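Visitor: got a sequence here, can you model it:
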Amino acid sequence: MGMSNVLHLIDSAGMYGAEKVVLTLLEELRDSPFPGILGCICENDAEPPLIAKKAEAAGIPVKYFIMKRGLDFSGVRDVLNFIQDHGIRLVHSHGYKPNILLGVIPGKKFKVISTVHGWAKQTAGMKGKFYEFLDAIALKRMDRVIAVSRAVQGDLLGHGLKARKISLVYNGIKIGAPKSSWDVASARRKFGFPDDVFVIGSVGRLATVKGHSYLIEAMPSILNEVKSCQLMIAGEGPLRVELEALISKLGLSKTVKLVGHIDDIDQFMAAIDLFVLPSLSEGLPIALLEAIASEKPVLASSVGGIPEVITNSGEGVLILPANAEAISLAICRLLKHREQLEELSVNSRKRVENMFSSSKMAMDYSAIYASLVSPSESSAIWKGFDRPAHL
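Guide: From the prediction side, this is the model:
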């Protein structure tokens, strides 16, 4: 046996952090002993999710599992049949729904690992809390659970998972040449910004947990200090109408842009001067890593795995969550000392290159996959490949 296909199961509603991690991992592992198949849970009449389209375009095999909205246990049979028909030994689950569906299967003949990308915690509604409760039960039935940060690892231990079942694997991104193919002037023209304005950028789903309202509320006091300053937020989500109303109420319609979902993150990053992530809860945000890889200085809430990326004041600025005043004070301080901005971006990029690359992430996952097959098969799988030193 030379290779072992891994089925990656996800219920995707957009191209967010978890989807980017899964797609990057599938691309990295394509020619490894653990090539992946993307299993997408979707509704009958739904448009194929964006992650599936991108995977297919990259030549990664995709299987659609049609299920009703919510928890449709009738779809479990299709997943089991596919696993059996294709001799799949490892299933890698990403998110509540696949975790819960896999958790109900008794006497599995395959191994299941799950990556916990982060829990919504205090911002989850009743339905979210119920799913979280079921998810915690399902995770206890997994062969291995992956935390994307030490903060998530702590959450898992707090939910009663055994330490021996949990592995820490940091999210990774492809680290290319530091400079984007976009020059600043053309990127700014695309988004309608003049050359001389200082542009603050943020990326994330328009949901309460991302804390965008606090960043918007900080803008009037920032503008009192620095007139030529604008804010651009990329992402879609349920809070769009509410955020638009807040922008209008504060008289910021010409200063704050909600640009919706963007495909080209490099173009977005080229257009901004400072990246701000005001989240209330996080696992290990991909948008943060993308900003740092693009050599943008970063200001972010000190929540979840963010302090594991920005470990000191020379790599970025950490602020308290849910605090518009803290955001405005920190941004005004940076705008008064702009010479610091480049130093922050250089220091943080070095850290991301060392700790959060996609190749390191893929190697860490490969080691976990190998540990879940028997020793004799593990040797056969790694034959002819660069085996991690610690295996």
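Visitor: list the contacts of Phe193.
Guide: Contacts for Phe193 (CB atoms under 8 Å, 6 or more residues apart in numbering) come out as 199, 230, 232, 271. For the C-beta atoms, the positions are set from N, CA and C on the backbone; glycine is no exception.
Visitor: touching, the second one and Ser253? I think so.
Guide: Looking back up the chat, that one is Gln230. No. Counting by CB atoms under 8 Å, Gln230 stays clear of Ser253, with 11.4 Å between them.
Visitor: tell me where the stretch 1-150 of the chain has strands.
Guide: 6-10, 36-42, 62-66, 90-94, 111-116, 144-147 (DSSP state E, counting those that start in this stretch).
Visitor: can you name the next helix or strand after the shortest one?
Guide: Once strand 144-147 ends, the next helix or strand along the chain (criterion: DSSP states H and E) is helix 150-158.
Visitor: what's the burial count for Leu277?
Guide: 26 (other CB atoms under 10 Å).
Visitor: list the single closest residue to it in space, sequence neighbours excluded.
Guide: Ala300 (4.0 Å; CB to CB, 6 or more residues apart in numbering).
Visitor: residues in contact with the one you found?
Guide: Ala300 neighbours (CB under 8 Å, 6+ apart): 276-279, 288, 306, 310, 316-319.
Visitor: which among these gets closest to Gly70?
Guide: Nearest to Gly70, judged by CB to CB, of the contacts of Ala300 is Ser279 at 26.7 Å.
Visitor: wait, that closest one touches Ser301, no?
Guide: Yes. If you go by CB under 8 Å, Ser279 and Ser301 touch, sitting 5.1 Å apart.
Visitor: please report phi then psi for the residue lying closest to Arg30 once chain neighbours are set aside.
Guide: Using CB to CB, 6+ apart and skipping the chain neighbours, the partner closest in space to Arg30 is Ile60 (6.9 Å). Main-chain dihedrals, Ile60, degrees, to the nearest 10: phi -90, psi 130.
Visitor: tell me the pLDDT at Ile60?
Guide: Note for Ile60: predicted pLDDT of 97.
Visitor: near it, how many other residues are there?
Guide: 20.
Visitor: all helices of the stretch 201-350 of the chain, in order?
Guide: Using DSSP state H, counting those that start in this stretch, the helices of the stretch 201-350 of the chain run over 212-225, 240-249, 265-271, 286-293, 306-309, 324-336, 339-355.
Visitor: buried ones in stretch 41-55?
Guide: 41-42, 49-52, 54-55 (16 or more other CB atoms under 10 Å).
Visitor: mind checking which of these land in helices?
Guide: Per DSSP state H, helices hold the following members of those: 50-52, 54-55.
Visitor: just send the residues you listed back as JSON lines, with distance to Met67 and pLDDT too.
Guide: JSON lines is the format used below for these (distance: CB to CB, whole Å; pLDDT from 0 to 100):
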{"residue": "Leu50", "distance to Met67": "18", "pLDDT": "94"}
{"residue": "Ile51", "distance to Met67": "16", "pLDDT": "96"}
{"residue": "Ala52", "distance to Met67": "14", "pLDDT": "96"}
{"residue": "Lys54", "distance to Met67": "21", "pLDDT": "96"}
{"residue": "Ala55", "distance to Met67": "19", "pLDDT": "97"}
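Visitor: re the thing from before, now the helices of the stretch 201-350 of the chain in TSV, with distance to Asp85?
Guide: TSV is the format used below for the helices of the stretch 201-350 of the chain (distance: least, CB to CB, whole Å):
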stretch	distance to Asp85
helix 212-225	45
helix 240-249	42
helix 265-271	37
helix 286-293	33
helix 306-309	40
helix 324-336	52
helix 339-355	39
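Visitor: with respect to burial, which of these scores highest?
Guide: The highest average neighbour count among the helices of the stretch 201-350 of the chain, using mean count of other CB atoms under 10 Å, belongs to helix 286-293 at a mean of 26.
Visitor: how far away from the center of its chain is that one?
Guide: When C-alpha coordinates are averaged (CA atoms, centre = their mean, to the nearest Å), helix 286-293 and its chain have centres 10 Å apart.
Visitor: any low-confidence regions in the stretch 1-150 of the chain?
Guide: Applying pLDDT under 70 to the stretch 1-150 of the chain flags the ranges 1-2, 119-124.
Visitor: go again using 90 as the cut-off
Guide: The stretch 1-150 of the chain contains residues with pLDDT under 90 at 1-4, 13-14, 43-47, 68-75, 104, 106-107, 118-133.
Visitor: distance of Ile113 from Met142?
Guide: Per CB to CB, to the nearest Å, Ile113 is found 6 Å from Met142.
Visitor: all set now, cheers.
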